[in-house]
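# Provided below are the primary sequence and the corresponding predicted coordinates.
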Number of protein chains: 6
Amino acid sequence: MFRHTSRLQFTSKPDKPDALYAMKLQELIGGAWGEMTVSQQYLFQGWNCRVPGKYKDMIMDIATEEIGHVEMLATMVARLLEGAPSETVAGSLDGDAATAAIIGGMNPQHAIVGGGGALPSDSNGNPWMGSYIVSSGNLLADFRVNVAAESQGRLQTARLYNMTDDYGVREMLKFNLARDTMHQLQWLAAIEQLQEDGLGGVVVPDALLDEENQEHSRTLWGLSDGQHAHEGKWAQGTAPDGAHEFTYLNNPDPLGDIADAPAPDPMLYATYNTSHDGIIGKVKDKLGS
Amino acid sequence: MFRHTSRLQFTSKPDKPDALYAMKLQELIGGAWGEMTVSQQYLFQGWNCRVPGKYKDMIMDIATEEIGHVEMLATMVARLLEGAPSETVAGSLDGDAATAAIIGGMNPQHAIVGGGGALPSDSNGNPWMGSYIVSSGNLLADFRVNVAAESQGRLQTARLYNMTDDYGVREMLKFNLARDTMHQLQWLAAIEQLQEDGLGGVVVPDALLDEENQEHSRTLWGLSDGQHAHEGKWAQGTAPDGAHEFTYLNNPDPLGDIADAPAPDPMLYATYNTSHDGIIGKVKDKLGS
Amino acid sequence: MFRHTSRLQFTSKPDKPDALYAMKLQELIGGAWGEMTVSQQYLFQGWNCRVPGKYKDMIMDIATEEIGHVEMLATMVARLLEGAPSETVAGSLDGDAATAAIIGGMNPQHAIVGGGGALPSDSNGNPWMGSYIVSSGNLLADFRVNVAAESQGRLQTARLYNMTDDYGVREMLKFNLARDTMHQLQWLAAIEQLQEDGLGGVVVPDALLDEENQEHSRTLWGLSDGQHAHEGKWAQGTAPDGAHEFTYLNNPDPLGDIADAPAPDPMLYATYNTSHDGIIGKVKDKLGS
Amino acid sequence: MFRHTSRLQFTSKPDKPDALYAMKLQELIGGAWGEMTVSQQYLFQGWNCRVPGKYKDMIMDIATEEIGHVEMLATMVARLLEGAPSETVAGSLDGDAATAAIIGGMNPQHAIVGGGGALPSDSNGNPWMGSYIVSSGNLLADFRVNVAAESQGRLQTARLYNMTDDYGVREMLKFNLARDTMHQLQWLAAIEQLQEDGLGGVVVPDALLDEENQEHSRTLWGLSDGQHAHEGKWAQGTAPDGAHEFTYLNNPDPLGDIADAPAPDPMLYATYNTSHDGIIGKVKDKLGS
Amino acid sequence: MFRHTSRLQFTSKPDKPDALYAMKLQELIGGAWGEMTVSQQYLFQGWNCRVPGKYKDMIMDIATEEIGHVEMLATMVARLLEGAPSETVAGSLDGDAATAAIIGGMNPQHAIVGGGGALPSDSNGNPWMGSYIVSSGNLLADFRVNVAAESQGRLQTARLYNMTDDYGVREMLKFNLARDTMHQLQWLAAIEQLQEDGLGGVVVPDALLDEENQEHSRTLWGLSDGQHAHEGKWAQGTAPDGAHEFTYLNNPDPLGDIADAPAPDPMLYATYNTSHDGIIGKVKDKLGS
Amino acid sequence: MFRHTSRLQFTSKPDKPDALYAMKLQELIGGAWGEMTVSQQYLFQGWNCRVPGKYKDMIMDIATEEIGHVEMLATMVARLLEGAPSETVAGSLDGDAATAAIIGGMNPQHAIVGGGGALPSDSNGNPWMGSYIVSSGNLLADFRVNVAAESQGRLQTARLYNMTDDYGVREMLKFNLARDTMHQLQWLAAIEQLQEDGLGGVVVPDALLDEENQEHSRTLWGLSDGQHAHEGKWAQGTAPDGAHEFTYLNNPDPLGDIADAPAPDPMLYATYNTSHDGIIGKVKDKLGS
């Protein structure tokens, strides 16, 4: 169960409205790597966590914080939209380039749909989607997604920091940047912790390593004609798990047979050349159908 | 530019058709973490790469391989669908539980839309989406997504391996598991390489670290009442970047002010209580609007 | 079955083209609360209606009208797009702010995809979706959605009315505003009619009221620290159904147990700490698995 | 800012696992009218609310509660999925109809993607979308959406209540039904409160009523040939706002002119019959282009 | 403007309910090639048509018919869902394979969301989307899409015809098949008419044919190693426009330079190897930036 | 299996950056009719093709080429974005209309998400979707979609050609236009080839023509009141298949009965007027339920 306090986690006040920037800032609310994503991702991972104790508690701590980050950003967007030009347009553009940029560029749904408030969508107006998040039940697999999410998130925040010189906006983004730094480090530390606790190795999942076709678990297939791929650490020397020696296969031949699809069920009316019956028939026999 | 050979990268032949398994295997084609995702993600990252040489060449090698993985899986799905029950249903269910499961459970679009072929969608029939992928231009941020993608991908492949005992399907999946192992290791090695080459640190991006609010880049906020979150490596000791000392803030107070939205433009007809003008007016003044 | 007349329900002629306004007006065509939504929603509700007679006939009347509203708006958008700047851009921007706003802000798909015609999408270019509508079979539940749809629709129309001073556009919008007024009143009257006819109460559905946990059907849980929630009619006095007395629970304790997820199937490779077997094992036993 | 307690708002324990029911219950988590919808909708409405005091506080109370409802349902789904058949299928279907239904019908992503946990999607596997929610800034318009959401939500919960006889599931649903009853009543009371406080009338928004084409704000257009539409309260007598007298127009003529689209920009290559230049040219002139 | 009659265009009565078939039949309502698609596609094409007279009138005839087809199918789905098993499941599966298939396979939203009525979605439950349709303003380009839509539509209808032996369903589908035949022929005839009327050639649009790089408008690039592509009419002889002679280029070399992306703006933090400045700098100079 | 060469199929170099045009050009990458669509569509059709030899080989030739077209366009977009204004905005707009258009109009995700690179989305920022493509197994049905796709593609390319005067961009588009011409001709020739080879007729599929209701396979239903629809070749004379004589039915009566939905399952709580039991009951009996 959750509780709410009316105070924001950190100050979220722009020095002045800026409808264009409000449009861009939506990326941090409803974008694929925005705060709706991390809050929902951590919530589902926490609810789905089967290791009671420090892991579950830590995930719920950060999940709960992230809901408050959506709140900070939504409040900032509403404040940036104050006085956005929703009125009659006529005559307002004579020679005024700044207004032209705002009128041409602001998110029209900020006025028409949101009435001056934030939207659950990204900087192009695409609605947030549940498919942005994952909770697989495997903590190492998921923590790697979390590291990635905080990395893309801090990168986007840094770019947005450079797109404004509003003091108040930057104050909030300095806090967000710091939290993204913390959260990257937190998930990297959590991966180390999993490995210390024997709950994860290097390859995820650490199962079926004996069953898999080990001849193919250490080779980089050279399928592009660039000349330098073999020069990296990924094509020579010992792999990060200490258990594989990388090799580079330059321009290797395929190992499979000719790709074809089986003879169709006639009631599906797929195009089928009966003169090829001989060949395809044999394939069918082999498949045991 | 690309070229194609009619032979598959590896053998892709089931021992016998299995329409239910074909439905499940779609997750590896068009799911959020399937082969369409990694092929398109690596292609866009490669095209967008600004470091000619070993990085770009390596990305294009693996991107090109992954298109062939979609091909292997699509071929497998078509072969698994051979003879799927698309005909008149009446009478076919008397006491036959296995057929009941297939008729109730197979993806109806495999017959109606695909005519017995694979679809560009996941195991629930959701179409693949461009928003599943990212190419940010920052190699460390993107390689972390790639590690995550190969981890989720191998996890799903391992689960699907356990859901069949078809020898032919398992032979292909053993190859896929091995390639996923290789690709996890490859991206982990590539991250090491970036750091060796001075193209990435631990926190991404390695900019604005001085500008950010450093007081908040090392603290875990305890916002859930679980008792154990402070016990992990993420709440004490030195962080993975060697530059921060983690601390745990138990149940901290918020730092911001009361969240509110500014007075609305009257022409948007947002509900507004004019008796609060005094209070809100001051906020507006402060915002400089 | 439907028939069509070439004449529009009402005049739809702008005084002059305005590509920016055409982009905004798309919200009323393909937005979540636009005319495609209400036309499709009422059609499905009508087809699904199990009360032959006045209800079904009324729903089909309004459903049929709304198809004609999409037609009016689509015609208006095509006329607003006349002469939109699709040609070579070079040189056309020297000092001309109005053209800059149009070039920067018009919907690029109006030219590239629609060839100067309307699109089935909203003001941000998101395509209309079937998930915007509902037809549940329960008329009271659906009429409440209809009241909401006509309310959001009139609100957006009113906002768009203020964003233009084109006489011809405003003439059409005055008709649309009037129809939205009528349709709000129509659905409100239909709700009264349902209640008069004994086909609906206040709570929907009017079933399971005895089965539900009545201790919890009249209390507002105070989970945010705002001090004023208890002052409203929703927290004291008799509820609108005349059968409940509202109360306010300030900062109540949770009633459930600790949230956890059960021990995982090992073949799914979810992370699981076996040292917790004791605790989780008991939960499993209790669940009877 | 938010805080979390590890205890659930109410008990959420099934008597036994049921993977098919888990699939269905997803509708209440990630469906268009599920708990993700109401939690996010109320959060955005609360953050966007411009009436500090009882309205904002009440919205945040219920918004915060709803996050906990997603938590209860996600926990229930994980517990219902315990022991779901993710293993090798072969041989398990001989004559066992119940297993056949589960294998054919369970959500494949519950195992492959979620590892036995809940997903942010509906009972058909469609991911939750931000476009399901609205926060318009106009409280009356939004509260009407909220009444509708709680009505559809209780209806779906009641249907799902009838689809199981598991005691534990029903205990939780009895609580959910009660909360849906409360929340319907709460929003209905809130609408009364708005009207009492002078913040809303009957028609939303209560603006432009003088500007709109009043001739058309009280007539039901009879455009379907059903004979009974005029018999309802929506076609005769005084409307719910007390200000309009309903009338019924049987089979009325259209009021507009012939619908046509203007002459195209030649560089868009739209098909255009120059022999019609005369007619269309006049239309263009009139439009002032 | 539109009018509606309560009678269906053609009889739509199943002999008996069949919830599984109802799920499949949704493909013809809300699938990418279903009746919602053709009705909306033709409506937008008709509204956007700039050739008054026979073309526009014909498009509106067929558009209006297709709305009635959605109506026929929606009615059929509701009738097929009569008595679908929405009740308590327990105990109902003992040995009954047919019920198992229905319970496992029916669309859960048919009961939970639609209350036994049709949904605006496809056979996998994906909602219909506006992006399924096109109205480009160019009649030849659009009529080709229409031929394709009626072809995929008749193909899917034929497949669905084979999936039932219900007399009543088949009677309706025989009508649908006939209309699809008519509509394929109608659009093919309309393409002939356009060409007779001088409103279209073979290549669409019939502009820029002189500007385009004519060396490349008649060659099939052999980029796959299959040995037979040159044997078709597409690689030799005169092309269907009578103006091109097809040729086959076996395994041709690329004509462009090395693909690379330009030096990044430093404030976007894209990874960039400054040691490559020399090379990339030249590219930048050449681009004139 | 696929291979890649680092050289582009054709030159892709703009004379100078143009962020607005980059936004528009996205339509050719990730739009419904862009290069991602044709590359994925042809790949799935090729993999699903059951006619080994010239058809399959030709499809794989063109599919492989199209992946290279996405590459050319992605490279072009990155080069057009060089130097796009991602920096601090303040002060940059004083009287500069061209910059205003760019700042207001460029795709914000080009900077925030893509770091100056191309995105897998269209000119409005909608992500590419798997539902844009089809591979039905029936070659004639699919080749008709392919003709349509190349027609819409060349139309959009021609429009975009007119929206720039950049020499380098136009050089590339001249190549693209030529390839679209070739590919339209190629698919038209392939349709002729299918018919020559006896693998397709005029109506698709060429099955069930005897079963269908032939009375209705040659009539245009006049359901709109336009006076000219009967004048076209689609309403008189012999149809393109040589087997049907078109006729026009002016304003025909419907052939079906009154549309209604059956009596609901009471546990779904659909609204149902029991006074109509008599009538509806009979319908139910007839349906055998």
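Happy to help now that I have it. Numbers count the residues shown, from 1 in each chain, chains lettered A, B, ... in the order given.

# where do the strands sit along chain A?
Read by DSSP state E, chain A holds these strands, from start to end of the chain: A:2-4, A:219-222, A:247-250.

# any idea which of the ones you listed is most buried?
Highest mean neighbour count among those (mean count of other CB atoms under 10 Å in any protein chain shown): strand A:2-4, with a mean of 24. Backbone N, C-alpha and C define where each C-beta goes, glycine included.

# So which other helices or strands are in contact with it?
Packed against strand A:2-4, as judged by 3 or more CB pairs under 8 Å, 6 or more residues apart in numbering or on different chains; DSSP states H and E, are the following elements: strand D:2-4, helix D:54-80.

# Return the distance of the shortest one from the chain's centre.
Looking back up the chat, that one is strand D:2-4. Distance, stretch centre to chain centre, for strand D:2-4: 27 Å (CA atoms, centre = their mean, to the nearest Å).

# Could you find the closest non-adjacent residue to whatever residue of the stretch 151-289 of chain A ends up closest to chain F?
For the stretch 151-289 of chain A, the residue positioned closest to chain F under CB to the nearest CB is A:A270, at a distance of 3.2 Å. Excluding the flanking residues, the one nearest A:A270 by CB to CB, 6 or more residues apart in numbering or on different chains is F:G137, at 3.2 Å.

# Double-check that neighbour against F:G46; I have them as touching.
No: no contact is recorded between F:G137 and F:G46 when judged using CB atoms under 8 Å, the distance being 11.9 Å.

# dump the residue contacts of the nearest residue to A:I133 once chain neighbours are set aside.
Counting by CB to CB, 6+ apart, A:Q41 is the residue found nearest to A:I133 once chain neighbours are left out, at 3.9 Å. The contact partners of A:Q41, by CB atoms under 8 Å, 6 or more residues apart in numbering or on different chains, come to A:132-135, A:145-146, A:149.

# Where helices are concerned, which of the residues you listed count?
Within the contacts of A:Q41, membership in helices is found for A:145-146, A:149, as judged by DSSP state H.

# Run a quick neighbour tally on A:E196.
Using other CB atoms under 10 Å in any protein chain shown, A:E196 has 11 other residues around it.

# again with A:E215
Under the neighbour criterion other CB under 10 Å, A:E215 is assigned a count of 10.

# now A:H69
Applying other CB under 10 Å, I find that A:H69 has 26 neighbouring residues.

# Quick check: mean pLDDT of stretch A:197-204?
Across stretch A:197-204, pLDDT averages out at 96.

# Now it: buried residues?
Of the residues in stretch A:197-204, those with enough neighbours to count as buried (16 or more other CB atoms under 10 Å in any protein chain shown) are A:197, A:199-200, A:202-204.

# Farthest pair within these?
The largest distance within those, taken as CB to CB, falls between A:D197 and A:V203 and amounts to 17.0 Å.

# Would you enumerate the residues in contact with A:G46?
By CB under 8 Å, 6+ apart, the contact list for A:G46 reads A:56, A:59-60, A:63.

# Of the residues you listed, which is the nearest to chain B?
Comparing every one of the contacts of A:G46 with chain B (CB to the nearest CB), the shortest separation belongs to A:M60, at 3.7 Å.

# From chain E, how far off is that closest one?
Taking CB to the nearest CB, to the nearest Å as the measure, A:M60 and chain E are separated by 30 Å.

# Check the burial of that residue by counting its neighbours.
When neighbours are counted by other CB under 10 Å, A:M60 registers 27.

# Name the nearest residue to whichever residue of the stretch 151-289 of chain A sits closest to chain C, sequence neighbours excluded.
Across the stretch 151-289 of chain A, no residue is closer to chain C than A:P205, which sits at 3.9 Å (CB to the nearest CB). Counting by CB to CB, 6+ apart, C:Y269 is the residue found nearest to A:P205 once chain neighbours are left out, at 3.9 Å.

# Kindly state the pLDDT recorded for the one you found?
94.

# What residues does it make contact with?
By CB under 8 Å, 6+ apart, C:Y269 lies in contact with A:137-138, A:205, A:207, B:155, B:158-159, D:115.

# What of A:D180?
When contacts are counted by CB under 8 Å, 6+ apart, A:D180 touches A:150, A:153-154, A:157.

# do A:K233 as well
For A:K233, the set of contacting residues under the criterion of CB under 8 Å, 6+ apart consists of A:246, B:189-190, B:192-193, B:196.

# Select only the buried ones of these in ChimeraX?
For anyone working in ChimeraX, the buried entries among the contacts of A:K233, judged by 16+ other CB under 10 Å, can be selected with:
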select /A:246 /B:189,190,193
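
# ok, which of the contacts of A:K233 also contact chain C?
With CB under 8 Å from any CB of the partner chain as the criterion, the subset of these in contact with chain C is empty.

# Next, work out how far apart the residue nearest the centre of chain A and A:G153 are.
With distances taken as CA atoms, centre = their mean, A:W33 lies nearest the centre of chain A, 4.6 Å away. As for A:W33, its distance to A:G153 is 5 Å (criterion: CB to CB, to the nearest Å).
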